[in-house]
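1. okay, predicted coordinates and the sequence, questions at the end:
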Amino acid sequence: MKDEINSKKLFFDTIKHKDVKTIIDFEIPSPLPINNQITFKFNGIEHVLNIEVVGNPASNIKGTGIPLIEDKYGLVKRSKINLTISKFIDSDEWVEIKTFSDIKFIPKAFLEAINALNYFIERYKIVTGDYWVDKVFFKMIPHFIYEVKIDNQRFGDRIGIYGPGFSISPRIPYLNDTAMARLNNYLEKEEIPLWKLLLLDAKDYLLQKDYREAIYAINGAFENFLMIKAREKLSKAWGQENAIEYLDGNPIYEYHILKEYMDEETFQKAVKDGKIRTNIPPTGQILKECYNIDPLTISRTQLDRLVKKIRKNRNDVIHGVKIDDDLETISFEAIKSFEDFIKIF
């Protein structure tokens with residue numbers, strides 16, 4: 001008991017003086033051929049990264065080298081990662097994550113290691129041009145090893161920790177007749193709406209913790225969906241030709257915002273003189289026109305709040321502005337709000 005008390009006292013004294021390191025070992029699919037130890041700071045904390053390229057035991061392709069390009073899934077070679085983080089992370093602490101999968105919590109040590117490795121991978125890709133190297137997300141790594149060192153002395157035993165794992169169906173969940181009918185219907189279409197694909201992309205980017213790409217994708221989905229549905233709604237009231245011209249930004253007096261400020265003759269002269277040019281109507285204006293024609297089950301204020309969540313930080317992300325807000329929550333809420341917008345609009 002005395003030894004245990006002294007050991008714990010040393011441990012907590014060391015944490016207080018920041019002489020503690022958390023070490024995480026795991027394996028990822030992409031081979032990263034670096035034989036140097038890499039030291040970098042992430043979130044103000046020193047990280048030390050060691051990588052060993054190893055063969056995929058399931059591969060029948062043997063040799064000491066690696067594929068020069070596009071072994072995206074580690075079919076031939078993989079990477080063993082050894083990451084040292086210069087702080088203590090409790091092996092029993094779990095944190096909440098926001099995805100559309102069944103996983104809501106993962107070990108904090110696991111999450112911090114993934115975030116740091118993805119920080120490294122982003123920069124590795126830029127330097128090498130290896131566009132196929134994937135950033136890491138939690139279901140790529142079913143198992144990792146955790147340990148804590150104090151002054152380079154191991155504290156306690158190395159712990160093998162399993163990640164969130166997978167939900168296994170007791171039988172193969174074959175598509176039912178309804179789903180098969182829908183699939184056959186889509187197979188007959190040469191094109192499908194872009195927004196449907198972008199919505200799936202956004203969810204996948206969120207799973208991969210690529211929040212900026214998730215925001216790009218969901219806003220692309222929103223704009224595509226809005227234009228398709230607005231054309232349908234406005235065509236019923238204005239006629240298809242007028243609706244298309246309006247959405248294309250062609251100046252039409254009857255539906256133009258400047259109608260309140262000038263008569264039609266002055267308006268047409270300004271168009272002819274090039275003073276009023278083609279200009280795509282802003283989202284708020286399109287929503288207003290659609291709402292006036294076809295009121296929804298929610299108020300305009302509620303609709304605007306929903307759209308605001310979808311478009312939050314959109315311009316900052318597109319223009320590369322540094323964002324200090326929680327992008328995980330912002331992208332999750334944007335996707336969720338877009339799905340609500342689909343049902344309502």
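-> Sure, I can see it.

2. where's Ser33 relative to Lys236, distance?
-> Residue 33: Pro, not Ser. Using C-beta to C-beta, to the nearest Å, Pro33 is found at 60 Å from Lys236. For the C-beta atoms, the positions are set from N, CA and C on the backbone; glycine is no exception.

3. I misspoke; the intended subject was Ala202.
-> Ala202 is 30 Å from Lys236, where distance means C-beta to C-beta.

4. between these two, tell me which one has more neighbours.
-> The residue with more neighbours, out of Ala202 and Lys236, is Ala202; 27 against 12, by other C-beta atoms under 10 Å.

5. Ile335 is in contact with that one, correct?
-> Yes - look at Ala202 against Ile335 with C-beta atoms under 8 Å: they come within range, at 5.2 Å.

6. now the common contact residues for those two.
-> Taking C-beta atoms under 8 Å, 6 or more residues apart in numbering as the criterion, Ala202 and Ile335 both touch Ala214, Ile218.

7. tell me which residues of the longest helix anywhere in the chain come out buried.
-> When the chain is parsed with DSSP state H, its longest helix is helix 211-238. Neighbour-count burial for helix 211-238, with 16 or more other C-beta atoms under 10 Å as criterion, is recorded at 211-227, 229-231, 233-235, 238.

8. after that helix comes which helix or strand?
-> Following helix 211-238 in sequence order, the next helix or strand is helix 240-247 (DSSP states H and E).

9. what helices or strands is that next one leaning on?
-> When contacts are defined as 3 or more C-beta pairs under 8 Å, 6 or more residues apart in numbering; DSSP states H and E, helix 240-247 sits against helix 211-238.

10. quick one: contacts for the residue lying closest to Arg277 once chain neighbours are set aside?
-> Excluding the flanking residues, the one nearest Arg277 by C-beta to C-beta, 6 or more residues apart in numbering is Pro251, at 7.4 Å. Pro251 makes contact with Phe267, Val271, Ile276, Arg277, Thr278, Asn279 under the criterion C-beta under 8 Å, 6+ apart.

11. can you pick the most crowded of those?
-> Phe267 leads these on contacts (other C-beta under 10 Å) with 20 neighbours.

12. pLDDT score assigned to it?
-> At Phe267 the predicted local distance difference test score is 88.

13. then Ala113?
-> For Ala113, the model assigns a pLDDT of 95.

14. that one and Ile28 touch, don't they?
-> No - Ala113 is not in contact with Ile28 according to C-beta under 8 Å; the separation is 10.6 Å.

15. shared neighbours of these two, anything?
-> Contact with both Ala113 and Ile28 is made by residues Ile81, according to C-beta under 8 Å, 6+ apart.

16. higher neighbour count, those two?
-> The neighbour comparison of Ala113 against Ile28 (other C-beta under 10 Å) goes to Ala113, with 26 against 21.

17. OK, contacts around the residue lying closest to that one once chain neighbours are set aside?
-> Nearest residue to Ala113, sequence neighbours excluded (C-beta to C-beta, 6+ apart): Ile24, at 4.2 Å. Applying C-beta under 8 Å, 6+ apart to Ile24 gives the contacts Ile81, Asn82, Leu83, Ile85, Ala109, Phe110, Ala113, Phe144, Ile145, Tyr146.

18. at 7 Å instead, please
-> Leu83, Ala109, Ala113, Phe144, Tyr146 (C-beta atoms under 7 Å, 6 or more residues apart in numbering).

19. try Ile310
-> Contacts of Ile310 were listed using C-beta under 7 Å, 6+ apart, and they are Ile218, Asn219, Phe222, Ala334, Ser337, Phe338, Phe341.

20. just send these back as JSON lines, with pLDDT and distance to Ile61 too.
-> Below are the contacts of Ile310 laid out as JSON lines (pLDDT from 0 to 100; distance: C-beta to C-beta, whole Å):
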{"residue": "Ile218", "pLDDT": "96", "distance to Ile61": "39"}
{"residue": "Asn219", "pLDDT": "95", "distance to Ile61": "41"}
{"residue": "Phe222", "pLDDT": "97", "distance to Ile61": "44"}
{"residue": "Ala334", "pLDDT": "96", "distance to Ile61": "42"}
{"residue": "Ser337", "pLDDT": "97", "distance to Ile61": "46"}
{"residue": "Phe338", "pLDDT": "97", "distance to Ile61": "43"}
{"residue": "Phe341", "pLDDT": "96", "distance to Ile61": "48"}
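
21. now those residues in TSV, with distance to Asn242?
-> Below are the contacts of Ile310 laid out as TSV (distance: C-beta to C-beta, whole Å):
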residue	distance to Asn242
Ile218	30
Asn219	27
Phe222	24
Ala334	32
Ser337	30
Phe338	28
Phe341	25
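
22. just the residues you listed now: which is nearest Asn313?
-> Ala334 (8.6 Å; C-beta to C-beta).

23. next, the closest one: phi, psi?
-> As for Ala334, its main-chain torsions (degrees, to the nearest 10) stand at phi -60, psi -40.

24. I'd like the distance between it and Leu287.
-> Between Ala334 and Leu287 the computed distance is 17 Å (C-beta to C-beta).

25. who's more crowded, those two?
-> Ranked by neighbour count (other C-beta under 10 Å), Ala334 and Leu287 place Ala334 first, with 27 against 19.

26. can you tell me which residues contact the more buried one?
-> Residues in contact with Ala334 (C-beta under 7 Å, 6+ apart) are Ile215, Ile218, Lys309, Ile310, Lys312.
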